[in-house]
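**Student:** model this:
(one chain, ligands or ions: 1)
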Amino acid sequence: MAAVGSARVGTAIRGEFPILEHTTYLNSCSQGALSHRVRRAYEEYLDGWDERGAEWEHWVERAETARSAFAALLGARNDEIAVTTSVSQGVSGIVSALPLGRGDRPRIVISEYEFPTVGQIAHAQERRGAEVVHVVPDEDGSIPVERFAEAIDERTALVCCTTVSYRTGNRQDVAAIARLAHEHGALCLADSYQAIGAVDLDVHELGVDFLTGGTVKYLLASAGLGFLYVRGELLPRLRPTQTGWFADEDIFQMDISDYSPAADARRFDAGTPPVPNIYAGVAGMSLVQEAGVDAIEAHVARLTGRLIDGLDELGGRVVTPREPARRGPLVCVRSTDVSRLVAELADERIVVSERDANLRIALHLYNVEEDVDRVLAALRDRRHLLA
Ligand SMILES: Cc1ncc(COP(=O)(O)O)c(C=O)c1O
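**Tutor:** The predicted structure follows:
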């Protein structure tokens, strides 16, 4: 396990992130902190545009660098990765490639912890004749695999689960859910936005068919860049009707006479790549890769453990599971007035966020024990705002 402050995590990396000089930043579940490296990447993009005009070839090459970086993070092959602008694009591409309303598998199973985009895209398919089945958590907030088992059957086309819940910090047993889906002939998608970069993910170990996420949070870059992993063997039978010219087998042939998507996962790309975001994304991901996701995960687990112990001492209602295997980088604690709590902590330059009645505290590679102790001290002074 990586010690705090060793390698490229903790104190060793903090100098890359100017905001940490004056702020306790615990909001990577919303947006990762801006680094010097990501700022320089944007500048490099602007300089190239200024000096040489449109650098199409270079830009396309950068998109391929992003594809490789995503693949490396996931243990996938490059040809199994689509470069997208958002999770929404990737998920819409998947459902557009499934027959749903036609055929004998009309159902999409989703967990109650899906991000709105996944739920809304699933329900949009009702217009095509699909049925959506919700898997709801038990009273303690967990969604045991048995709940998925109750919902999945021979009518299920797609099972959507979320690796780490943005609402509670609960981590799902994605591998078990994927196995269940496959036992019934269904496909499995894991939205891993709240995990990628802070949780070591290997798509082949997980056994999922699709896995998606983006660069805004633990990949330390900005909005407008995401990825979709598609299991290689599935590609020949998936023909997305949500598409675009960058998904074509020969992009620069500029052919408008037919639909001939790329043979690989690029068939899930769409229009012009989000070039500025790709510059930023490649830079953000390089920080994560240099630190190593396994080292980040170990570092974050120590910090979340310290935080949960401290919240227990304060008598707070921690809604995130205690077992390390059932949580990721996000710890949620119940509040009686969470908006006020977030605002008061912001006044002390402690940046956290809220969902439902939960205060969300997210840890990442650049956080240190002092950050945890600082937020705990601020919460001790506001014990009345904890439920
Ligand atoms: C779990 C999860 N999925 C998806 C998204 C965002 O989806 P999109 O990239 O479509 O905006 C977020 C956060 O913004 C998220 O936390």
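**Student:** biggest strand in the chain by residues?
**Tutor:** The single longest strand within the chain, with elements called by DSSP state E, is strand 156-162.
**Student:** and for that strand, what's in contact with it?
**Tutor:** 91, 94-95, 98-100, 105-111, 113-115, 118, 122, 130, 133, 148, 152, 172, 174, 177-178, 180-181, 184-192, 194 (CB atoms under 8 Å, 6 or more residues apart in numbering). Any C-beta I mention is one placed from the backbone N, CA and C, and that applies to glycine too.
**Student:** what subset of those is also close to the ligand?
**Tutor:** 115, 191, 194 (CB under 6 Å from any ligand atom).
**Student:** in strands only, show me the contacts of strand 156-162.
**Tutor:** Secondary structure defined by DSSP E assigns 107-111, 133, 187-191 of the contacts of strand 156-162 to strands.
**Student:** what parts of the stretch 51-200 of the chain come near the ligand?
**Tutor:** Counting by CB under 6 Å from any ligand atom, the stretch 51-200 of the chain sits next to the ligand at 86-88, 115, 117, 162, 166, 191, 193-194.
**Student:** let me know the pLDDT of the spatially most central residue of the chain.
**Tutor:** For the chain, the residue sitting closest to the mean C-alpha position, by CA atoms, centre = their mean, is residue 193 at 0.7 Å. For residue 193, the pLDDT comes out at 98.
**Student:** do the one 4 residues further on as well
**Tutor:** The predicted structure scores residue 197 at 98 on the pLDDT scale.
**Student:** quick one: it and residue 218 touch, right?
**Tutor:** Yes: with contact defined as CB atoms under 8 Å, residue 197 and residue 218 form a contacting pair (3.1 Å).
**Student:** what is in contact with the two at once?
**Tutor:** With CB under 8 Å, 6+ apart as the test, residue 197 and residue 218 both reach 32, 288, 364.
**Student:** will you turn those residues into CSV that also has distance to residue 239?
**Tutor:** Listed next are the shared contacts of residue 197 and residue 218 as CSV, based on distance: CB to CB, whole Å:
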residue, distance to residue 239
32, 35
288, 33
364, 38
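**Student:** out of these, which one sits closest to the ligand?
**Tutor:** Using CB to the nearest ligand atom, residue 32 comes nearest to the ligand of the shared contacts of residue 197 and residue 218, at 11.8 Å.
**Student:** helix, strand, or coil at that closest one?
**Tutor:** coil (DSSP: H, G, I helix; E, B strand; the rest coil).
**Student:** that one - how many residues pack around it?
**Tutor:** Neighbourhood size, residue 32 [other CB atoms under 10 Å]: 28.
**Student:** cool, residue 96 as well?
**Tutor:** 18.
**Student:** and what of residue 14?
**Tutor:** Quick note: residue 14 (other CB under 10 Å) scores 20 neighbours.
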